[in-house]
Each structure stands twice: as C-alpha cells, then as structure tokens.
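[1] The following comprises the amino acid sequence and a computationally predicted model.
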Amino acid sequence: MQGQLFHCSLGRRHRRLTFFLIGFLAVVFLPIAIMLILAVATAGMGQPLPMSVPILFIAITIIIPGVLYALARYAPKACRIDQDGISVVRRNGKRILIPAQDILSIEPISRDCFRGSIRTCGVGGFFGSWGWFSSPELNDFRAYVTNESLVFVRTAHQGPFVLSPDARDEFIASAIKTFNLTPTPRGSE
C-alpha cells in the first residue's frame, strides 16, 4: 500500500504526561515491588505470607505494565493518505480507515476547539488522546491526536475526525489534491 505517510509525534503536553506517568509508577511501585519480593523471600523463613502479597505482586509487576503497554500500542503513530482514503496507523500496526468516498472536507482547526472536550469513550493524555469525544464546538467526534497541529475531517457516514499529523499544512494539501476536495478554511490559528 503506497501513499504519503505523515508522522504523528507526541507533542510537549502528551510527552510530559507520559513521562510523568512512567516516572510516578517507577517511584511509587518499584519500592513496593521490591518489598513484595522481600516478603516472598522471607516467607520461607517461618513467617507466614499474607494472601494479599501475591495479589499485589501480580498487579504491580504484570497487570499495570501490561495495561500501559497496551495503551502505548494503540496510540496513533502516523496518518497515511492514499487512494483508499485516510488511514490512522497505530503503533500496533493496525489502522483505522476513513474511506475516500466518505470524506466531505478537511480543514485546520485550532487547539481551542479540542479544549473542554469530554471523553465519551477514549484515552486522553498518556501516549496521546484517541477514541470518542464530545465538545461544544465540534459536537461528537473521533480523535486520534498526539500533538497540537489539529486537522478536522468531516465525513458523510462515520462522523467527524480530529487528527494531528506533524506536517499539518502538507497533510491538508495532499488530502485536497488526492480526494479532489474544495479547500474550506476554518478558524485555524
């Protein structure tokens, strides 16, 4: 599958939130995991092992890192424009396709349009923001956002999308050319 690939790198806000989360978990849960390992090691020395210790150990060493890994794998990595449409490529290799025949318009929007949005079913902050959102200005929409160079894609059947390719202006120009769209300027920055 050929086409133009536009990367979606983490912006400053999302990068800070992600590093804060990982740092917080390392500072808080690493000492707890070490204490749990020591509790398991000393259990054979005649001291009884409370039932909560193995449960906490499994939660801290397997479940929490597993959930974070899964979240990171679903984050948007890039947007691809080809004759099929616009694809949001995730870090796990899967893609969300916005079919070419469904795209009505594409336009830049300011980050203020995304502010105040409510996650109706999605992830926001760590590794980006993606899923279903609602805001007073954009109504209900799907977002695959990692930075603040926002693009609004209006579709006929799937509802609107908000994407964040690094090269926003080139992305919009490529989409307009590929899908023969009429440029529709909106309140971009």
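    Received it, and whenever you're ready, just let me know what you need.

[2] from here on, contacts and neighbour counts on C-alpha atoms
    Noted.

[3] ranges for the helices of this structure?
    Here the chain has its helices, by DSSP state H, at 12-43, 52-58, 64-74, 168-179.

[4] Kindly reformat those as JSON lines containing mean neighbour count, mean pLDDT and distance to Gly124.
    Formatted as JSON lines, these follow (neighbours: other Cα atoms under 10 Å; pLDDT from 0 to 100; distance: least, Cα to Cα, whole Å):
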{"stretch": "helix 12-43", "mean neighbour count": "15", "mean pLDDT": "78", "distance to Gly124": "9"}
{"stretch": "helix 52-58", "mean neighbour count": "14", "mean pLDDT": "72", "distance to Gly124": "26"}
{"stretch": "helix 64-74", "mean neighbour count": "15", "mean pLDDT": "84", "distance to Gly124": "11"}
{"stretch": "helix 168-179", "mean neighbour count": "18", "mean pLDDT": "94", "distance to Gly124": "21"}
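
[5] need those helices in JSON lines with distance to Leu150, can you?
    Output for these, formatted as JSON lines (distance: least, Cα to Cα, whole Å):
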{"stretch": "helix 12-43", "distance to Leu150": "14"}
{"stretch": "helix 52-58", "distance to Leu150": "39"}
{"stretch": "helix 64-74", "distance to Leu150": "19"}
{"stretch": "helix 168-179", "distance to Leu150": "7"}
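
[6] Check the gap between the residue nearest to Ile106 when sequence neighbours are not counted and Thr178 for me.
    Once flanking residues are discounted, Ile106 sits nearest to Val153: 4.5 Å by Cα to Cα, 6 or more residues apart in numbering. According to Cα to Cα, to the nearest Å, Val153 stands 14 Å off from Thr178.
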